[in-house]
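Visitor: My questions are about this predicted structure, shown below with the sequence.
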Amino acid sequence: DALRRAQDFRGARRAFEDVSAAVAAARKGDEPWSTWRNSTNAQTLAALETLDGEALFAIAGTYLENDSHTAALAVAALRRFLAAYPAHKQASQAAFDIGMRQRASGRTEEALATFDAFLAQPDPAGLDSAQVEALALLRMSALFQRAEVLAQQKKFDAAIAVYNEYIARFPTGPNWTAAQQKIVETENAIGATLRERKQFAEAREAWNGFLARHPLDGTAPAIHALIGESFIEQADALKALAKKEAREPNRAELDLLYRSAITQWRRCVAKYPQSDTASAALLRIGNVEEAELGELDAAVAAYRECNFGSSAGEAAQELARMVQPSLVLVTERVWRSGEAPQVKVQVRNLEKLQLEVYAIDLEAYFRKNLSHRAIEDLDLDLIAADKKLEVPVAGYTKYKRIEQELALPVQGAGVWAVAVTAGDMRATTLVISSDLDVLVRGSSLEALVFVEDMKRGVAAAGVRVLLAGVGQDGTPVVFEVTTGDDGTARQK
């Protein structure tokens, strides 16, 4: 016992095994116990038997209760004890503990069978009052654990029936209050499990039934919100199915689900005003109005209304994003000959754009800066634009984020800085039109260049390539090489 209390479980187990082995040898009269065995009395032998039983029972306790890896060893130890001493005073506890170990290791069917057998077992004869009371408590616990296992197996109706049986049979039982709470938790879990199974309508029905029976339960606000979320998850499932089947989803069906979610969240706002639940509901209303229904005014109104609670900060960010003008300009790739170079703009709350195109002498820029990087950061205000035109934003709608391709008024190969302005907002990007791609591999000793004509898919010969490096005196220098017939050039 001292070793077990010190959590030296392996040492304790060996000690208990040694005790049991010594007792067995003494009872049989093996050496060095033969003389002692021949002279001992029945009372002493009975005491040894009790000691052996205590040692065998204690072996199971040297395995951690919630360790699924050693649960089978603990069960084997308990069964060994019961086989040797079925009438021992710890026998009922051992039979109960087997079920507990099985449940802890996830062997729920075995645990159910164990608890059922324990509950059906008649009371042993000759128990004193303390033993009778202890056995009664074990039977109460076994019934409660039976309900717990059924709930663990998600057999919710059966679990609730057993909890109710416990409440009816044991009004003064130690788990009477817990059984009542477990009924509430199990009823709640029905909806959650149906949701996991994507049975959304059934989940909502279960949750609404729960709310009708337990309107003041602490989980009620979260359940109200989850009902709204289930409509969105159902819509997502319909979209995923349509994508899998290579078809368009039913738009009317989706819209109905989105609007049902918003209606449910509005109930949350009305039922729990100024709460975190209401705050989160308003944020979600704004999200769905904007992203799924395209009702931008309604989305802005929801974000503005969400000025309290845990979601107020995120709502304020969403509101600012929607109401403030924004401008992003990107070049998606290098353009080839025969293609019309374009840039893409992403705008919000801007009706007109000013497009400016500046031809760039990339060779001169590279020789001066030893790099092509940051060319779009040139101070374009000091340079006259080669082309300038006004472009209306197609499909402009207040608050709507719009992507638009802008064709550039340029032709042939070249490099251009492109600026798009709207009021005091400006975005710039670099546009390249070329059929050539360059691959460079370098070391401290040399650089190898390969140039390919991507339009024709062949090596490009006779191409001048500029390389930035360091001269023999350590100063930056530009090297110029020309590719051979194989498209390569080397600079040492």
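Guide: That came through, no problem.
Visitor: Show me which helix or strand of the chain is least confident by mean pLDDT.
Guide: Scoring the helices and strands of the chain by mean pLDDT, DSSP states H and E places helix 34-39 at the bottom, with a mean of 72.
Visitor: Put the alpha carbons of it into PDB.
Guide: The C-alpha trace of helix 34-39 is given here as PDB (Å, rounded to 0.1, in the frame of the first residue of the first chain):
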ATOM      1  CA  SER A  34       6.000 -27.100   5.700                       C
ATOM      2  CA  THR A  35       6.700 -27.300   9.400                       C
ATOM      3  CA  TRP A  36       4.700 -24.100  10.100                       C
ATOM      4  CA  ARG A  37       1.800 -25.500   7.900                       C
ATOM      5  CA  ASN A  38       1.600 -28.700   9.900                       C
ATOM      6  CA  SER A  39       1.300 -26.900  13.200                       C
END
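Visitor: which strands and helices sit next to that helix?
Guide: helix 9-28 (3 or more C-beta pairs under 8 Å, 6 or more residues apart in numbering; DSSP states H and E). Yep, even glycine has a C-beta here, placed from its N, CA and C like the rest.
Visitor: Tell me who's in contact with Val440.
Guide: Contact partners of Val440, counting by C-beta atoms under 8 Å, 6 or more residues apart in numbering, are 447-450, 467.
Visitor: Show me the strands in the chain, by range?
Guide: Along the chain, the segments classed as strands by DSSP state E run 326-330, 342-348, 352-359, 387-392, 401-407, 414-422, 425-433, 436-442, 447-453, 458-459, 464-470, 476-482, 488-491.
Visitor: now those strands in JSON lines, with distance to Ile285 and mean pLDDT?
Guide: As requested, these are arranged in JSON lines below (distance: least, C-beta to C-beta, whole Å; pLDDT from 0 to 100):
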{"stretch": "strand 326-330", "distance to Ile285": "23", "mean pLDDT": "96"}
{"stretch": "strand 342-348", "distance to Ile285": "20", "mean pLDDT": "96"}
{"stretch": "strand 352-359", "distance to Ile285": "32", "mean pLDDT": "95"}
{"stretch": "strand 387-392", "distance to Ile285": "32", "mean pLDDT": "95"}
{"stretch": "strand 401-407", "distance to Ile285": "19", "mean pLDDT": "96"}
{"stretch": "strand 414-422", "distance to Ile285": "30", "mean pLDDT": "94"}
{"stretch": "strand 425-433", "distance to Ile285": "30", "mean pLDDT": "93"}
{"stretch": "strand 436-442", "distance to Ile285": "49", "mean pLDDT": "93"}
{"stretch": "strand 447-453", "distance to Ile285": "54", "mean pLDDT": "95"}
{"stretch": "strand 458-459", "distance to Ile285": "58", "mean pLDDT": "96"}
{"stretch": "strand 464-470", "distance to Ile285": "55", "mean pLDDT": "91"}
{"stretch": "strand 476-482", "distance to Ile285": "59", "mean pLDDT": "92"}
{"stretch": "strand 488-491", "distance to Ile285": "61", "mean pLDDT": "94"}
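Visitor: export the ones you listed to CSV and tack on distance to Lys154?
Guide: As requested, these are exported to CSV (distance: least, C-beta to C-beta, whole Å):
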stretch, distance to Lys154
strand 326-330, 48
strand 342-348, 47
strand 352-359, 58
strand 387-392, 59
strand 401-407, 43
strand 414-422, 57
strand 425-433, 55
strand 436-442, 59
strand 447-453, 61
strand 458-459, 65
strand 464-470, 67
strand 476-482, 71
strand 488-491, 67
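Visitor: Looking at those strands, spot the one closest to Arg27.
Guide: Taking C-beta to C-beta, strand 436-442 is the member of the strands of the chain nearest to Arg27, at 84.5 Å.
Visitor: ok, back up a step: now what about the least confident helix or strand of the chain, what contacts it?
Guide: 26-29.
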